[in-house]
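Visitor: what follows is a predicted protein model with its sequence.
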Amino acid sequence: MINSLNHDFRKELLRTDIVPKELNKVTQKYKELFLADIKRGKIKVEDVTQCQCGSHNLEELTKIDRFGLPFGSLICKACGLVITSPRLSQDSLPYYYDKFYHPLTYGKEHLENQEALFAKGQGKKIFEIVKDFLPPKDTLRVLEIGAGTGNVLLEFKEEAKNENIQIDEIGTEYSQDCIIKCQEKNINIIYGNIQTILTYKEKFDLIILSHVFEHFIDLQKELNDIKTLMHQESLLFIEVPGIMENHKKHYYNFSFLGYSVHAHMYNFTLESLNRILSLSEFKALFSNNDVSSVYHLSNDVIDKNDNSYSKVLNYLEFLDYNQNYFKQEYFKNNQMITNRDDAIHRLKAEIEKQSIIIENRDITIYDLKEKIEKQSIMIENRDNAIRDLKQKQSIMIENRDNAIRDLKIRDLKQKIEKQSIVIENRDNAIRDLKQKIEKQSIVIENRDNAIRDLKQKIEKQSIVINNKDHLLEELKIKIVNLEEILSSRKKILKVLFQGGYKND
């Protein structure tokens, strides 16, 4: 192993007197338990002397990881792959992942409230990336190694269902907490790893390694095992943390030391990942700068022999030089986001107030509409009463006229001259009555107009209604007077009729 650290930034990477990541009580507790298990040999570690590309030309980058644990990093000068050394042994991994990985990584004893180990939406993102490359089947057999809490498979299934694709899934996990989480989501989950799946002797349409590939020790062996689980149309999705993306990651403190962790056996660039896959005859169908890639088996894979050694060192120097700038930009942007969120919160509060005002106004309008409807019913009932009264009045007048005509025909043939005066008086009375009725009609018409105005001027309805009531009473009195006059005339006629006979 070569150590040619000449630059200040590389000396900074070799510091051992710091803990790059702030540790909570849970993380500190499990860090000490982890070191104790290493010391008593329950967890075994081993030094790395050869890169996966076959080169022994390794150079030291760091001596500790983000937790301040004695797990350093090497960089291969032949290909640029960054390797953790010393590293956990293969035999120690099941115990480590079940007991230490989640408390150290997430600072929690258990995962009751941890819905996703990496990020919500990861399963949806993976489906969007692979869907154009998937075999044309109604049902796909999907395997996820290191399924975590099951959110990736669950989201993947939901997205596939939207495309009328059924997913027959299976996941593997070492963590009992994660297995319980998967079972709660009805995800088909088993305890174990790729070797456990090999015993099933199945082929899968898609194999997902979402932030898992960097945890493997012997990459070529794992890839060869994965090949036995694939058919000619199978896809392999791999996403790993990109070492060249740390300038975007505030949670790593914008530094390689804050990013480096003992659980990651390797740290990849897109070039180093593709080269490792090409050594096992995997060809990339899709790759991006986030180091998300889709591979398939191919016999015409060309080893580009890309060496990202200088690129990685230049990036780490760039990262160290600009770390304070990235921090300032992050805090500035974070403050802008905080201010925006505060403004949104205030706006939401104002909207809620306005909503209450609008709701109260709507209630008032509703009550007013009900009052108007009730008043409209009252007005309609009153109009009906007036219409009925008019009809009764017309019938009474008609009956009276008929009675007078009958009396004239039956009883007054011999007294035409005398009755002429009476008739003339009656006609005058009738004319007067008609004039009164016409006046009453005008009054009624005016009242009707007032009623129409009343519908537009709700505030004056009560006064208008009272006026109509008075008018109605006067009309009733007049009708009563008419009835009395009619009764009196009948009596006069009767007397006249009786008198006529006596004179004869």
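Guide: Happy to help now that I have it.
Visitor: so for the protein, the centremost residue is which one?
Guide: residue 121 (13.2 Å; CA atoms, centre = their mean).
Visitor: contact partners for it?
Guide: residue 155 (CB atoms under 8 Å, 6 or more residues apart in numbering). (C-beta placed from N, C-alpha, C; glycine too.)
Visitor: I'd like to know how far it sits from residue 127.
Guide: 10 Å (CB to CB, to the nearest Å).
Visitor: hey, what's in contact with both of those two?
Guide: residue 155.
Visitor: just checking, what packs against the helix or strand containing residue 497?
Guide: Counting by DSSP states H and E, the element that carries residue 497 is helix 461-503. Judged by 3 or more CB pairs under 8 Å, 6 or more residues apart in numbering; DSSP states H and E, the packing partners of helix 461-503 are helix 323-411, helix 416-456.
Visitor: can you list those helices in a markdown table and add distance to residue 33, mean pLDDT and mean neighbour count?
Guide: Shown next, in a markdown table, are the helices and strands packed on helix 461-503 (distance: least, CB to CB, whole Å; pLDDT from 0 to 100; neighbours: other CB atoms under 10 Å):
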| stretch | distance to residue 33 | mean pLDDT | mean neighbour count |
| --- | --- | --- | --- |
| helix 323-411 | 31 | 88 | 12 |
| helix 416-456 | 84 | 78 | 13 |
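Visitor: JSON lines for those helices, including distance to residue 300?
Guide: Converted to JSON lines, the helices and strands packed on helix 461-503 look like this (distance: least, CB to CB, whole Å):
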{"stretch": "helix 323-411", "distance to residue 300": "41"}
{"stretch": "helix 416-456", "distance to residue 300": "86"}
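Visitor: can you tell which of those is closest to residue 200?
Guide: helix 323-411 (45.7 Å; CB to CB).
Visitor: buried ones in stretch 27-43?
Guide: Within stretch 27-43, the residues that count as buried by 16 or more other CB atoms under 10 Å are 27, 30-31, 34, 37-38, 43.
Visitor: likewise stretch 488-504?
Guide: 489, 493, 496.
Visitor: that's a strand at residue 295, yeah?
Guide: Yes. Per DSSP: H, G, I helix; E, B strand; the rest coil, residue 295 lies within a strand segment.
Visitor: please renumber the chain so that the first residue is 59 from this point on.
Guide: Sure, I'll start counting at 59 from here, so that last one is residue 353.
Visitor: quick check, pLDDT for residue 174.
Guide: Per-residue pLDDT puts residue 174 at 60.
Visitor: could you dump the buried residues of stretch 546-562 into a markdown table and include pLDDT and distance to residue 419?
Guide: As requested, the buried residues of stretch 546-562 are arranged in a markdown table below (pLDDT from 0 to 100; distance: CB to CB, whole Å):
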| residue | pLDDT | distance to residue 419 |
| --- | --- | --- |
| 547 | 86 | 63 |
| 551 | 86 | 68 |
| 554 | 85 | 73 |
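Visitor: I'd like to know which of those is nearest to residue 122.
Guide: residue 547 (127.3 Å).
Visitor: could you find the closest non-adjacent residue to the closest one?
Guide: residue 484 (6.9 Å; CB to CB, 6 or more residues apart in numbering).
Visitor: now swap in residue 246 and tell me
Guide: Of all residues not flanking residue 246 in the chain, residue 228 sits nearest, at 4.8 Å (CB to CB, 6+ apart).
Visitor: count the residues that sit near the one you found.
Guide: 19 (other CB atoms under 10 Å).
Visitor: what is the helix or strand encompassing it packed up against?
Guide: Assigned by DSSP H and E, residue 228 belongs to strand 224-231. Here strand 224-231 touches strand 197-203, helix 209-220, helix 234-242, strand 247-249, helix 252-256, going by 3+ CB pairs under 8 Å, 6+ apart.
Visitor: tell me the angle of that strand relative to strand 197-203?
Guide: 10 degrees (axes from the mean of the first three to the mean of the last three CA atoms, to 10 degrees).
Visitor: give me the pLDDT for residue 168.
Guide: At residue 168, pLDDT is 77.
Visitor: ok, now which ones touch it?
Guide: residue 235.
Visitor: give me that answer again for 10 Å
Guide: 84, 160-161, 234-235, 238 (CB atoms under 10 Å, 6 or more residues apart in numbering).
Visitor: before we move on, back to that, which one of the buried residues of stretch 546-562 is nearest to residue 251?
Guide: residue 547 (120.1 Å).
Visitor: domain assignment for the protein?
Guide: Per automatic domain parsing, the domain ranges recorded for the chain read 169-371, 408-561.
Visitor: so for residue 71, which of the ones you listed sits nearest?
Guide: Among the domains of the chain, if distance is taken as CB to CB, the winner is domain 169-371, at 6.4 Å.
Visitor: from the chain's centroid, how far away is the closest one?
Guide: Centre-to-centre, domain 169-371 and its host chain are 28 Å apart (CA atoms, centre = their mean, to the nearest Å).
Visitor: go on, stretch 481-492?
Guide: Worked out by CA atoms, centre = their mean, stretch 481-492 lies 84 Å from the chain centre.
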